[in-house]
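[1] Quick one: sequence plus predicted model below, questions after.
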2 protein chains.
Amino acid sequence: MFNQVTIIGVGLIGGSLGLALKKKKVVKSVVGYGRRRGALNKAVSIQAIDRYCLTLPKAIKDADLVCLTTPVGTFESLCRIMAPHLKEGAIVTDAGSVKGALVKTLTNLMPEHASFVGGHPIAGREKSGVMAATGTLYKGCRTILTPIPETNRDALKKVKALWEAVGANVFELDPFDHDRILSFVSHLPHVVAYALMEMLTHPRIAPLNPVEYSAGGLRDFTRIAASSPEMWRDIFLANKDAVVEGIDIYQETLEKIKKKILINDGAGLIEIFNRANDIREQAIR
Amino acid sequence: MFNQVTIIGVGLIGGSLGLALKKKKVVKSVVGYGRRRGALNKAVSIQAIDRYCLTLPKAIKDADLVCLTTPVGTFESLCRIMAPHLKEGAIVTDAGSVKGALVKTLTNLMPEHASFVGGHPIAGREKSGVMAATGTLYKGCRTILTPIPETNRDALKKVKALWEAVGANVFELDPFDHDRILSFVSHLPHVVAYALMEMLTHPRIAPLNPVEYSAGGLRDFTRIAASSPEMWRDIFLANKDAVVEGIDIYQETLEKIKKKILINDGAGLIEIFNRANDIREQAIR
């Protein structure tokens, strides 16, 4: 499929891609780029990559495909550095969780002879780092590609084939729809969990020491709130419009439930709870 | 400690109490009361109770202690029926998750020679029914007793000793403080999870089919939203004041987070996320 794939940032996501590509034998050589030699040596030792370069132009100059798996905030500057060194027909893609306007920005940064295709494998991230990488992370994983009118159709097909080769179910979405959907199913649950924790520090609540009596309900939320603060700050700010839209609709919904409680509308509450159970069935299917 | 304990409603909570009391040999005889003979026979078969009665006055007339483990909404009428039949020195307690004004109501329903003591073991409830009962459910379980000035101190001591005998850590709280605390750590997390599910049915969101792309964040919430609709309706309505207070403070907190996102206050967000991590440490300790 490709002679050389270069993975930028070899952590859980990049390392798992390397492992899967090598396992499926769809790529001759997987090269890693990163800044920390220690992590890259680990990546070689677990065979997530064949070799690595600490210099970006060198790492990508022979790549047929480059996949960005660093935080979203780094993509633009990485593409600026790579652009003059990409080979004829090279494809750049990414695994970032925010798309929106960035897809057009990165597409426009590509030289005439190379293409950008936005991508996002919705893969679990409870652990991080290359040592948590696994060759089966993308098996059955929903992966969203976000083409825009300027996207090269041939490159899009190839990126789709790449993710399918490692077992992913590939969907296409408009980049802004992608951001709204991810806001609702991933970013907002985190906002909502953080707000629940923060509320416990409110001057009307903290003196009661509620956490001393924490029940299952609260503990389920604390797991979500334990994720990396820096990662979530970046996601909330990069996806600001969709996250704020989500918070507004969420507030409206909460107000509706509050009113039903205030007027003792038990039947209305049951309807909402039953709909929630339906959504659960759909989500865990 | 007691000759006879009668458990009203032998499900997960009542059955586990019976199993633990019999295991610890602190009670000579455990009697069950319920309406479904099938469930009561199961309770006898797993030795959660020694025997059962299908008639309430008969089930409690020789009891030194009666524990109500049916839904909170049934307590008042059960106490009215039991009151004339309670023996000299009998103690009635409960395992309900809403207290507030109900404690005084039930205390006042007791005859001169019997006492009521409010209680609430904060025990896991992922499964329900007597077949899910276990003799170790209350080991290390935080159990809150909610005495009021009218509460008989000797009865309070005995109920405390009962829960300690089955391994619980017993705390005392004002009934209204109990309801506020439980609202914040248990009831509100459920409101918040239900609102997140309900929001996905909003006309601006549903057409995007977000659930098709559900990520870990959403799935963690769906588990919470899968609990019994009827149970949560009763809890929200019985604890209305504290739940609505919680929703109001929650909305205020969410608004604060939204503002920080809108003005790109990354440092402010990190502060909130770090506080959430601290609360997590405290909650899972």
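    Cool, the structure landed.

[2] The helix or strand containing A:Lys22 packs against which elements?
    Assigned by DSSP states H and E, A:Lys22 falls within helix A:12-24. Helix A:12-24 sits against strand A:2-8, strand A:27-33, helix A:153-165, with contacts defined as 3 or more Cβ pairs under 8 Å, 6 or more residues apart in numbering or on different chains; DSSP states H and E. All C-beta spots, glycine's among them, are computed from the backbone N, C-alpha and C.

[3] What lies in contact with it?
    Counting by Cβ atoms under 8 Å, 6 or more residues apart in numbering or on different chains, the neighbours of helix A:12-24 from elsewhere in the structure are A:5, A:7-8, A:10, A:27, A:30, A:32, A:43, A:46-50, A:67, A:69, A:95, A:121, A:123, A:125, A:127-130, A:132-138, A:162, A:165-167.

[4] and the gap between the residue nearest to the spatial centre of chain A and A:Ser186?
    Residue closest to the mean C-alpha point of chain A, counted by Cα atoms, centre = their mean, is A:Ser97 at 3.2 Å. Using Cβ to Cβ, to the nearest Å, A:Ser97 is found at 7 Å from A:Ser186.

[5] what do you get for A:Thr93?
    Distance check for A:Thr93 against A:Ser186: by Cβ to Cβ, it reads 20 Å.

[6] State the number of residues packed around A:Ser45.
    Residues within reach of A:Ser45, counting by other Cβ atoms under 10 Å in any protein chain shown, total 11.

[7] Quick check, A:Leu218 in contact with B:Arg280.
    No: the pair A:Leu218 and B:Arg280 fails to qualify as a contact (Cβ atoms under 8 Å) at a distance of 9.5 Å.

[8] In chain A, where is pLDDT below threshold?
    Applying pLDDT under 70 to the predicted model, the residue ranges of chain A that meet it are A:124-126, A:215-216, A:285.

[9] returning to what we had before: who has more neighbours out of A:Thr93 and A:Ser186?
    A:Thr93 (25 against 21).

[10] how near is that one to chain B?
    If you measure A:Thr93 against chain B using Cβ to the nearest Cβ, to the nearest Å, the figure is 18 Å.

[11] Need the phi and psi values for that residue.
    The phi and psi values for A:Thr93, taken as degrees, to the nearest 10, are phi -140, psi 180.

[12] Just the element for the residue nearest to the centre of chain A, please.
    In this assignment (DSSP H and E), A:Ser97 forms part of neither any helix nor any strand.

[13] Would you mind giving the domain segments of chain A?
    Chain A resolves into domains spanning A:2-173, A:177-284 when parsed by automatic domain parsing.

[14] end-to-end on the last one?
    So the one you mean is domain A:177-284. Distance between the boundary residues of domain A:177-284 (Cα to Cα, to the nearest Å) amounts to 22 Å.

[15] next one: stretch A:120-133
    This stretch, stretch A:120-133, spans 17 Å end to end (Cα to Cα).

[16] starting at the chain centroid, how far to that stretch?
    From the chain centre to the centre of stretch A:120-133 is a distance of 9 Å (Cα atoms, centre = their mean, to the nearest Å).

[17] buried set for that stretch?
    By 16 or more other Cβ atoms under 10 Å in any protein chain shown, the buried positions in stretch A:120-133 come out as A:120-123, A:125, A:130, A:132-133.

[18] So which residues of the stretch 151-285 of chain A form strands?
    Secondary structure of the stretch 151-285 of chain A, counting by DSSP state E, counting those that start in this stretch: strands at A:169-172.

[19] Tell me where it has helices.
    Shown for the stretch 151-285 of chain A, the helices assigned by DSSP state H, counting those that start in this stretch span residues A:153-165, A:175-182, A:188-199, A:216-224, A:229-238, A:240-262, A:266-284.

[20] Need the winner for burial among those.
    Comparing the helices of the stretch 151-285 of chain A by mean neighbour count (mean count of other Cβ atoms under 10 Å in any protein chain shown), helix A:188-199 ranks first with a mean of 25.

[21] who's in contact with A:Gln47?
    A:19, A:22.

[22] try A:Ala123
    A:13, A:16, A:137-138, A:141.

[23] How about A:Gly268?
    Residues in contact with A:Gly268, defined by Cβ under 8 Å, 6+ apart, are A:Lys260.

[24] same thing but at 10 Å, please
    Applying Cβ atoms under 10 Å, 6 or more residues apart in numbering or on different chains to A:Gly268 gives the contacts A:256-257, A:259-261, B:233.

[25] try A:Gly34
    When contacts are taken as Cβ under 10 Å, 6+ apart, A:Gly34 is in contact with A:7-11, A:14, A:40, A:43, A:49, A:52-54, A:56, A:59, A:69-70, A:130.

[26] Sitting in helices, which of those residues do you find?
    With DSSP state H as the criterion, helices contain A:14, A:40, A:43, A:56, A:59 from among those.

[27] wait, doesn't the third one sit right on A:Tyr52?
    If I follow you right, that is A:Ala43. Yes: judged on Cβ atoms under 10 Å, A:Ala43 makes contact with A:Tyr52 at a distance of 6.9 Å.

[28] Tell me which of these two has more neighbours.
    Neighbours were tallied for A:Ala43 and for A:Tyr52 using other Cβ under 10 Å; the higher tally belongs to A:Ala43 (27 against 20).

[29] How about the more buried one, nearest residue that isn't a chain neighbour?
    Taking Cβ to Cβ, 6 or more residues apart in numbering or on different chains as the measure, A:Ala43 lies nearest to A:Val10, with 4.3 Å between them; neighbours along the chain are not counted.

[30] Surely that neighbour and A:Asp50 touch.
    No: using Cβ under 10 Å as the test, A:Val10 is too far from A:Asp50 to be in contact (11.6 Å).

[31] Name the residues contacting each of those two.
    Residues touching both A:Val10 and A:Asp50 by Cβ under 10 Å, 6+ apart: A:18, A:30-32, A:43-44.

[32] hmm, back to that, which pair in the contacts of A:Ala123 has the greatest spatial separation?
    Distance extremes for these: the farthest pair is A:Ile13 and A:Cys141 at 10.6 Å, using Cβ to Cβ.

[33] between these two, which one's more packed in?
    When A:Ile13 is set against A:Cys141 and neighbours are counted by other Cβ under 10 Å, the residue ahead is A:Ile13, at 26 against 18.

[34] by contact count, what packs against the helix or strand where A:Thr143 lies?
    When elements are assigned from DSSP H and E, A:Thr143 belongs to strand A:142-145. If contacts are counted by 3 or more Cβ pairs under 10 Å, 6 or more residues apart in numbering or on different chains; DSSP states H and E, strand A:142-145 sits against strand A:119-121, helix A:153-165, strand A:169-172, helix A:175-182.

[35] Looking at A:Val10 and A:Asp50, which one has more neighbours?
    Neighbours of A:Val10 and A:Asp50, each counted by other Cβ under 10 Å, are more numerous for A:Val10; the result is 30 against 17.

[36] so how far is stretch A:277-285 from its chain's centroid?
    Distance of stretch A:277-285 from its chain centroid, counting by Cα atoms, centre = their mean, is 22 Å.

[37] Next: stretch A:249-256.
    For stretch A:249-256, the distance to the chain centre is 26 Å (Cα atoms, centre = their mean).

[38] Quickly check: it near chain B or not.
    Yes: legend: contact between stretch A:249-256 and chain B by Cβ under 10 Å from any Cβ of the partner chain is shown at A:249-256.

[39] sorry, back to before: and the ones in helices among the contacts of A:Gly34, which two are the farthest apart?
    Largest separation among the ones in helices among the contacts of A:Gly34 by Cβ to Cβ: A:Ala43 and A:Leu56, giving 16.2 Å.

[40] A:Gly15: what's its closest spatial neighbour, skipping adjacent residues?
    Distances taken as Cβ to Cβ, 6+ apart place A:Ala133 nearest to A:Gly15, at 3.1 Å, with adjacent residues excluded.

[41] Nice, that's everything, thank you.
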